[in-house]
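**Q** Got a predicted model here, sequence first, then my questions.
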Amino acid sequence: EACVQLRANAIRQLNLRGNRIGEYGMRELAMALEENNSLDYLNLYNNGIGEAGAREVAKALKKNSTLVALDLGYNAMGEYGTRELALALTENSTLTSLDLGSNGIGDGGARGVALALQENSSLTSLDLRGNGIGEDGAEQLALALQENSCLTSLNLAFNLIGDGGVRAVAGALQENDSLTALKLTRNAAGEEGVEELLAALVQNRGLLSLSMDNMGAGKAKKKSEARR
């Protein structure tokens, strides 16, 4: 039914959250999405599309020119499925919001997303929460932030980013003025990383919202206040 509606260009928003679509169902849906020219919002959260399904979405994104918001959270896409999707972002110029939360993409998938961010000029909101991203992935994303000038919101909460990764993000914030919201909640960084981040805010003029709950912020904040 959803595929019929998409091919008929009859709807603008479609929520298929938690429908156990799987990779085969995703193939049919992606084919319909390639032909669609009306849909601007698609929620596919928790559908078990896996790596193969992610590849199908990637194919669709290379052809679709109307979709602006896509939720692919909790779909077991993994590193390689995410890399395929990231490659599609270098060709897509309409998508502005992408949720890839809880997909187990790891550092490899984050690296693929980072490369895409250096070329993509439409994405403004990116959610990478809960993906097992560590130091290397954070460093690659930080490098991308130095090149990217359109992303305004980045969610890196519930990952494995330690002091080194947060230090890299802090360095990027000294160069990037387009990011306005950053979430680093529940990462592995301690006092050292948080201090670097707070120091970077002195030079940054764009960030309006920063979340770093349950990190080593307590002692770092006291030291920062003591230096004033």
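**A** Structure's in. What do you need? Numbering: from 1, shown residues only.

**Q** quick one: low-confidence ranges for this structure?
**A** 1, 216-228 (pLDDT under 70).

**Q** the strands in it, which residues?
**A** For the chain, strands defined by DSSP state E occupy the ranges 13-15, 41-43, 69-71, 97-99, 125-127, 153-155, 181-183, 209-211.

**Q** Output those strands as TSV; include the columns mean neighbour count and distance to Val166.
**A** Heads up, the C-betas are built off the backbone N, CA and C, glycines and all. Shown next, in TSV, are the strands of the chain (neighbours: other Cβ atoms under 10 Å; distance: least, Cβ to Cβ, whole Å):
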stretch	mean neighbour count	distance to Val166
strand 13-15	14	35
strand 41-43	19	31
strand 69-71	21	27
strand 97-99	21	22
strand 125-127	20	18
strand 153-155	20	13
strand 181-183	20	11
strand 209-211	14	11
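
**Q** so which of the ones you listed comes closest to Leu141?
**A** strand 153-155 (7.8 Å; Cβ to Cβ).

**Q** Walk me through which strands that closest one pairs with, and which way each runs.
**A** strand 125-127 (parallel), strand 181-183 (parallel) (DSSP bridges).

**Q** which residues are contacting the last one?
**A** Same thing as strand 181-183. Under the criterion Cβ atoms under 8 Å, 6 or more residues apart in numbering, residues 129, 152-157, 169, 173, 207-211 lie in contact with strand 181-183.

**Q** just curious, which of those is nearest to Tyr74?
**A** For the contacts of strand 181-183, the nearest to Tyr74 is Arg129 (10.4 Å; Cβ to Cβ).

**Q** The closest one is in contact with Ala157, isn't it?
**A** Yes: look at Arg129 against Ala157 with Cβ atoms under 8 Å: they come within range, at 4.5 Å.

**Q** Could you check which of those two is surrounded by more residues?
**A** Legend: neighbour count by other Cβ atoms under 10 Å for Arg129 and Ala157, higher for Ala157 (22 against 19).

**Q** Hmm, Asn214 and that one touching each other?
**A** No: with contacts counted by Cβ under 8 Å, Ala157 stays clear of Asn214, the gap being 9.5 Å.
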